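1. Structural data only, the sequence is not supplied:
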């Protein structure tokens, strides 16, 4: 058995030698040019950088502070103007947090002129049903649900003073149906044919999480652990909560 | 010249690869005692996810973790505090107070058996796989109350664990996903199918059932095995078996059972069919441990079924609820249920506390 295995292996090597040579002779030819794109995410409230424990006014007129704000930005793609080149970031899961990670690098991006970006808020179904994962999906990041296996896609915790109530804000948005893809035009095309580096800035605007179509009044809605309330937040995503601010 | 350099390295790599093959062959040739055999009436092989293959080292590590109270916030609670081998990994309590807070839990601790074949865990199936399930007890404030980062600190500074993780996962970095994987591996080996009933169906020596037990088995097949199905004694699905007609919303809709997970009304009051293996060892019964004895369970099926929109159709036939069972039939069923006790499961050293043996 062992002998046979060994000779099969040798045969394989002998057969692959010509390929090894041809790979070497190809060496001189130019490798396809690639670039690196730095993506930064700015968390804003009413256009200013989000600050922990700073009193803000919600669109419904309540006062609130933020202690924790984090979300998964995932499945990042860049799409070229002619649609021929699509760059898909491998293993694309980024936990963006207000006092931690706020950016990441896209590596080996083929040189092309890109004018669209695709990304998601959340963790796709293929990776959302198991939690023994590494890196940004590591369960120690405090973003998994233990009673209903899956990730919190977006988490916001803080305190509010409403018209009639004072209390905690706990918004945990998750569940497959709340995984949301965004396809956005870059404000100006990102041309990587001439230069090796690019930059993209994304912005989140917290106020827009609470505005349209569901005006969120903290007196009535201050907790969401999935379910209907979380759905309202997700439906608000599409009205300005996240945008591509610049790309060059 | 450069080309020959490449060629040389190809040969070197090949030579190294061949040496590697030799080593692997030797290891694979060694018989492995700790990955258990699967009894043929249960299944062919243990289902294992690709990313977490069963290895003797992984199983051994999982077993150490399972029995280690050092994993809990106060250093006093291990998985085995609520899942005890002599009770087929249940705890004999309706609602355990063994957690770090001493507060009673809201659900009953079930037996841990044949988990490798289960696609949803907890009474409502909320945990989707064995690699996910431990996250609940490890972090829940009324169970082990642990913060994963403190847990990792404990493991990294431990006398034994770094070497054990190295052996099991070939890495010197101890991370949460690996803790979950090791615990899953040990739990996947908790296989029970060596009761008198099993020996009877496999026609093995000692596989005799009395006439009382056989009558019970016939009744079981008529009335019970649409849900407590196959030799797993569960269909791994969710049913409302008529325990309640009122499902309060408090505790984040805990009483909704499966309905809390799926968010749909048709699932309110449905719970996962529990396996009945070793049922004589795992009293009290049901998701809240409300019945102390099997007699009470059978009285429930016979005359205690409560109506609700989601009540299982099997339990409401010909316009009446329940499964009419005479007292004698109840005795026969109970006699049959006792044949599901697997004494080798509760005495198997491979499942015992490894810290005591050291």
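-> Structure's in. What do you need? Quick caveat: nothing in here was measured; it's all calculated off a predicted structure. Numbers count the residues shown, from 1 in each chain, chains lettered A, B, ... in the order given.
2. can you list the residues that contact stretch B:325-341?
-> Stretch B:325-341 has contacts (CB atoms under 8 Å, 6 or more residues apart in numbering or on different chains) with B:195-197, B:200, B:209-210, B:212-217, B:219-220, B:223-224, B:233, B:276-281, B:294-295, B:298-299, B:301-302. All C-beta atoms are positioned from the backbone trio N, CA, C, and that covers glycine.
3. 6 Å instead?
-> If you take CB atoms under 6 Å, 6 or more residues apart in numbering or on different chains as the criterion, stretch B:325-341 is touched by B:195-197, B:212-213, B:215-217, B:219-220, B:276-280, B:294, B:298, B:302.
4. Quick check on those: which are buried?
-> B:195-197, B:213, B:215-217, B:219-220, B:276-279, B:294, B:298, B:302 (16 or more other CB atoms under 10 Å in any protein chain shown).
5. isn't residue B:200 right next to residue B:206, touching?
-> No. Under the criterion of CB atoms under 6 Å, residue B:200 is not in contact with residue B:206, lying 8.9 Å apart.
6. neighbour-wise, which of those two wins?
-> Each of residue B:200 and residue B:206 has its neighbours counted (other CB atoms under 10 Å in any protein chain shown); residue B:200 has more, 18 against 7.
7. quick one: contacts for that one?
-> For residue B:200, the contact set (CB under 6 Å, 6+ apart) comprises B:207, B:209.
8. Compute the number of surrounding residues for residue B:248.
-> With neighbours defined by other CB under 10 Å, the count for residue B:248 comes to 10.
9. likewise residue B:38?
-> Here the count is done by other CB under 10 Å, and residue B:38 has 17 residues near it.
10. At the geometric centre of chain A, which residue do we find?
-> In chain A, the centroid-proximal residue (CA atoms, centre = their mean) is residue A:73; its distance is 1.1 Å.
11. My reading is that that one lies in a strand. Confirm?
-> Yes. Under DSSP: H, G, I helix; E, B strand; the rest coil, residue A:73 sits within a strand.
12. pretty sure it contacts residue A:95?
-> No. Using CB under 6 Å, residue A:73 is not in contact with residue A:95; the gap is 8.1 Å.
13. for the stretch 251-358 of chain B, which spans come out with low pLDDT?
-> The stretch 251-358 of chain B contains residues with pLDDT under 70 at B:357-358.
14. and if we set it to 80?
-> B:318, B:357-358 (pLDDT under 80).
15. Which strand or helix spans the closest residue to chain A within it?
-> Nearest to chain A, among the residues of the stretch 251-358 of chain B, is residue B:261, at 5.5 Å (CB to the nearest CB). Using DSSP states H and E, residue B:261 maps to helix B:258-262.
16. List the contacts of that helix.
-> A:148, B:124, B:126, B:238, B:253, B:267, B:268, B:270.
17. try 8 Å
-> Helix B:258-262 is contacted from outside by A:148, B:124-126, B:238, B:247, B:252-254, B:265-272, using CB under 8 Å, 6+ apart.
18. From those, keep the buried residues only.
-> The buried subset of these - by 16+ other CB under 10 Å - is A:148, B:124-126, B:238, B:247, B:253-254, B:267-272.
19. for the residues you listed, which one is nearest residue B:142?
-> Nearest to residue B:142 among the buried ones among the contacts of helix B:258-262 is residue B:254, at 12.8 Å by CB to CB.
20. Can you tell me the SS state at that closest one?
-> helix.
21. how much space between it and residue B:106?
-> Distance, residue B:254 to residue B:106, using CB to CB, to the nearest Å: 6 Å.
22. give the contact list for the residue nearest the centre of chain B.
-> Nearest residue to the geometric centre of chain B (CA atoms, centre = their mean): residue B:112, 3.2 Å. Applying CB under 8 Å, 6+ apart, we find residue B:112 in contact with B:83, B:88, B:89, B:90, B:187, B:190.
23. can we see that at 10 Å?
-> B:66, B:79, B:82-85, B:88-90, B:118, B:121, B:133, B:186-187, B:190, B:192, B:275, B:351 (CB atoms under 10 Å, 6 or more residues apart in numbering or on different chains).
24. Tally up the residues packed near the residue nearest to it when sequence neighbours are not counted, please.
-> Leaving aside its chain neighbours, residue B:112 sits nearest to residue B:89 (3.8 Å; criterion: CB to CB, 6 or more residues apart in numbering or on different chains). By other CB under 10 Å, 27 other residues sit near residue B:89.
25. For residue B:89, give me phi and psi.
-> Backbone torsions of residue B:89, given as degrees, to the nearest 10, read phi 70, psi 30.
26. surely it meets residue B:352?
-> No. Applying CB atoms under 10 Å, one finds residue B:89 not in contact with residue B:352, separated by 11.6 Å.
27. Residue B:164: neighbouring residues, count only.
-> Look at residue B:164: counted by other CB under 10 Å, it has 20 neighbours.
28. what's near enough to touch it?
-> For residue B:164, the contacting residues are B:57, B:58, B:60, B:61, B:62, B:64, B:65, B:155, B:158, B:174, B:182, by CB under 10 Å, 6+ apart.
29. Could you dump these into JSON lines with distance to chain A, pLDDT and neighbour count added?
-> Formatted as JSON lines, those follow (distance: CB to the nearest CB, whole Å; pLDDT from 0 to 100; neighbours: other CB atoms under 10 Å in any protein chain shown):
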{"residue": "B:57", "distance to chain A": "17", "pLDDT": "96", "neighbour count": "17"}
{"residue": "B:58", "distance to chain A": "12", "pLDDT": "96", "neighbour count": "26"}
{"residue": "B:60", "distance to chain A": "18", "pLDDT": "96", "neighbour count": "18"}
{"residue": "B:61", "distance to chain A": "14", "pLDDT": "97", "neighbour count": "28"}
{"residue": "B:62", "distance to chain A": "12", "pLDDT": "97", "neighbour count": "27"}
{"residue": "B:64", "distance to chain A": "18", "pLDDT": "97", "neighbour count": "23"}
{"residue": "B:65", "distance to chain A": "14", "pLDDT": "98", "neighbour count": "24"}
{"residue": "B:155", "distance to chain A": "12", "pLDDT": "98", "neighbour count": "22"}
{"residue": "B:158", "distance to chain A": "17", "pLDDT": "97", "neighbour count": "16"}
{"residue": "B:174", "distance to chain A": "11", "pLDDT": "98", "neighbour count": "20"}
{"residue": "B:182", "distance to chain A": "10", "pLDDT": "98", "neighbour count": "30"}
